[in-house]
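# got a predicted model here, sequence first, then my questions.
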Amino acid sequence: MIYRSKAPLRIGLAGGGTDVSPYSDQFGGAILNATLSLHAHATIETTDHPQIEIRSIDKQEQEVFDWSDTLPINGRLDLLKGVYNRIQKDHPFLKQGLRISTYVDAPAGSGLGTSSTLVVAIIGAFSEMLKLPLGDYDMAHYAYEIERTDLALAGGRQDQYAATFGGFNFMEFFGDDKVIVNPLRIRQDSINELENNLVLYFTSTTRESAAIIKEQQKNVTENNIKSIDAMHQLKEQAKMMKEALLTGKLDQIGEILDFGFQQKKNMAAKISNPLMEEIYAAAKKAGASGGKISGAGGGGFMIFYCPGNSRYQVIETLANFGGKVNPFQFTQHGLTSWTVA
C-alpha cells in the first residue's frame with residue numbers, strides 16, 4: 001500500500017516572531033499568515049523487506065536501516081527520523097518494512113516554513129496509514145512537540161498550524177502551548193488582487209534560522225527593551241493587517257509591510273543584511289510600497305507589495321540581483337492525505 005500527504009507552505013504577512021517562546025508565553029503573540037500553492041510532500045510505502053528506508057528526494061539524501069522502532073538522530077534526515085520515532089513510541093505498529101520519501105517545493109532555509117510543514121506532511125502520511133484520530137489542533141501541536149521537544153530545534157509555532165489548517169489565518173499564541181487559529185473570510189476579489197500585487201522573490205540564498213531565533217529568545221530573556229518593543233509593534237502589525245484584509249483596504253498593505261520590516265530588524269542582529277537592504281531599496285524605488293523578509297530572516301524569500309501595475313517594473317529590477325521571482329497562488333486547503341491501493 002502507498003500512503004501520501006501534502007501540506008502547504010506559508011508566507012507570514014504580519015506579526016512574525018511573536019509566536020516564539022518566551023515572548024509568546026509572557027506577552028502573547030499574534031501572527032497573520034497565508035498558505036501557498038507550494039507544498040511539502042510525503043509518501044510511505046510498505047515493503048516486503050525488514051528495513052526502514054528514508055529519503056529526501058529534493059535533497060538527494062537517503063539512509064537505510066534494519067528494522068527498528070528507533071532510528072538514530074545524527075544530523076541526517078532527522079525530521080523524518082524524529083516523526084518515525086515519535087509515532088512508534090506513541091502508536092506502535094506492526095513490524096514491517098517501510099519506505100518513507102519526501103519532497104519540498106522550496107529549498108530548506110528559505111523562510112516559507114519548509115521544515116515544520118514537512119513534519120506535518122510526514123505525520124499526515126502516518127496518520128493516513130494508521131488511521132490516527134488526530135484533529136487539526138492535535139496534528140499541529142504534535143508536529144510542534146516533535147520539532148521543539150524531541151529534536152530540540154529552535155523555532156516558533158505558526159508554521160505547524162498554517163500547514164495543518166491552510167488558508168488565511170489570524171493566529172494567537174499564549175503560554176502553556178495555547179494556540180487559537182482564527183480563519184479569515186476574505187473576499188475573492190481581494191485575494192485575486194493580492195496575488196496580482198504580491199511578488200514572491202527568492203534571493204537564491206538560504207539561512208539557518210535557529211541562530212537568529214536563539215538571539216531573539218535571548219533578547220526577551222535578558223529583557224532587551226528595544227527587541228521586546230519591536231515584538232509588541234509586530235503584534236500590533238498583525239491586527240492592522242487583519243483589518244486591512246477584511247475591509248478590503250489593500251492600498252494600506254504595502255505600508256503595513258514596510259512598518260513591520262523596519263520593526264523586525266530590531267528583534268535580532270542578523271535578520272537583515274546589506275544585500276537584502278539593497279534589494280529592498282531597489283524594489284521600493286521601482287514602485288513597491290513595502291515588503292518583508294519571509295521567516296526568521298537572514299536570507300531566503302522576500303515579498304513585495306506592488307500597487308497598480310508596478311509589479312512588472314519591480315520584477316525587472318529584481319532580476320539584477322541574481323534571484324528568482326516565484327509564481328504562486330494562495331490556497332485555502334491545509335494538510336491533505338490519501339491512500340493508493
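Alright, I've got the coordinates. Numbering: from 1, shown residues only.
# hang on, residue 268 is in a helix, isn't it?
No - read with DSSP: H, G, I helix; E, B strand; the rest coil, residue 268 is coil and lies in no helix.
# that one touches residue 217, doesn't it?
No - the pair residue 268 / residue 217 is not scored as a contact, 9.2 Å apart, by CB atoms under 8 Å. C-beta: built from backbone N, CA, C; applies to glycine.
# neighbour-wise, which of those two wins?
Comparing residue 268 with residue 217 by other CB atoms under 10 Å, the one with more neighbours is residue 268, at 24 against 17.
# next, count neighbours for residue 39.
Residues lying near residue 39 (other CB under 10 Å) number 24.
# helix or strand for it, which one?
Counting by DSSP states H and E, the element that carries residue 39 is strand 29-47.
# buried ones in that strand?
29-36, 38-45 (16 or more other CB atoms under 10 Å).
# and the residues you listed, which two are furthest apart?
Spatial extent of those (CB to CB) is set by the pair 30 and 45 at 40.7 Å.
# what mean pLDDT does stretch 49-61 have?
Mean per-residue pLDDT for stretch 49-61: 95.
# ends of it, how far apart?
From its first residue to its last, stretch 49-61 covers 20 Å (CA to CA, to the nearest Å).
# skip the chain neighbours and tell me the closest residue to the residue sitting nearest the centre point of the chain.
Geometric centre of the chain, nearest residue: residue 113, 2.0 Å, by CA atoms, centre = their mean. Excluding the flanking residues, the one nearest residue 113 by CB to CB, 6 or more residues apart in numbering is residue 159, at 3.4 Å.
# report the buried residues of the one helix or strand the one you found maps to.
Using DSSP H and E, residue 159 sits in helix 158-165. For helix 158-165, the neighbour count (16+ other CB under 10 Å) marks 158-165 as buried.
# for stretch 334-341, same thing?
334-335, 337.
# can you tell me what sits against it?
Outside of stretch 334-341, the residues within contact range by CB atoms under 8 Å, 6 or more residues apart in numbering are 1-8, 35, 120-121, 124-125, 127-129, 136, 139, 162-167.
# buried members of those residues into PyMOL, please.
The PyMOL command for the buried members of those (criterion: 16+ other CB under 10 Å) is given here:
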select buried, resi 3+4+5+6+7+8+35+120+121+124+125+127+128+129+139+162+163+164+165+166+167
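# which of the contacts of stretch 334-341 fall in strands?
Judged by DSSP state E, the contacts of stretch 334-341 include 2-8, 35 as members of strands.
# if I pick residue 294, what's in contact with it?
By CB under 8 Å, 6+ apart, the neighbours of residue 294 are 11-12, 110-112, 300-303.
# so residue 257 touches residue 291, yeah?
Yes - the criterion here is CB under 8 Å, and residue 257 meets it with residue 291 at 5.5 Å.
# find residues that contact each of these two.
303, 305.
# buried set for stretch 304-320?
304-307, 310-311, 313-315, 317-318.
# pLDDT of stretch 224-233, averaged?
Here the average pLDDT along stretch 224-233 is 92.
# which elements pack onto the helix or strand of the chain with the lowest mean pLDDT?
Within the chain, confidence by mean pLDDT, DSSP states H and E is lowest for helix 209-221 among all helices and strands, at a mean of 81. Contacts defined by 3 or more CB pairs under 8 Å, 6 or more residues apart in numbering; DSSP states H and E place helix 209-221 against helix 23-27, helix 225-247.
# quick one: closest of the ones you listed to residue 154.
Across the helices and strands packed on helix 209-221, closest to residue 154 is helix 23-27 (CB to CB), at 13.1 Å.
# may I see the buried residues of the closest one?
For helix 23-27, the buried set under the neighbour-count rule, 16+ other CB under 10 Å, comprises 23-25, 27.
# who's in contact with the residue nearest to residue 113?
Counting by CB under 8 Å, 6+ apart, residue 159 touches 10, 113, 115-117.
# what distance do you get for it to residue 90?
For residue 159, the distance to residue 90 equals 21 Å [CB to CB, to the nearest Å].
# ok, residue 203 to residue 116 distance?
Plainly put, residue 203 is 21 Å away from residue 116 if you go by CB to CB.
# so if I had to pick from those two, which one is more boxed in?
Neighbours were counted for residue 203 and for residue 116 using other CB under 10 Å; residue 116 has more, 30 against 24.
# which element is residue 312 on?
helix 311-318.
# which residues does that helix contact?
Taking CB under 8 Å, 6+ apart as the rule, helix 311-318 contacts 196-197, 199, 201, 279, 282-283, 285-288, 304, 306, 325.
# who touches residue 199 in this structure?
Applying CB under 8 Å, 6+ apart, the residues near residue 199 are 283, 288, 303-304, 306, 311, 314-315, 318, 325.
# thanks a lot, see you next time.
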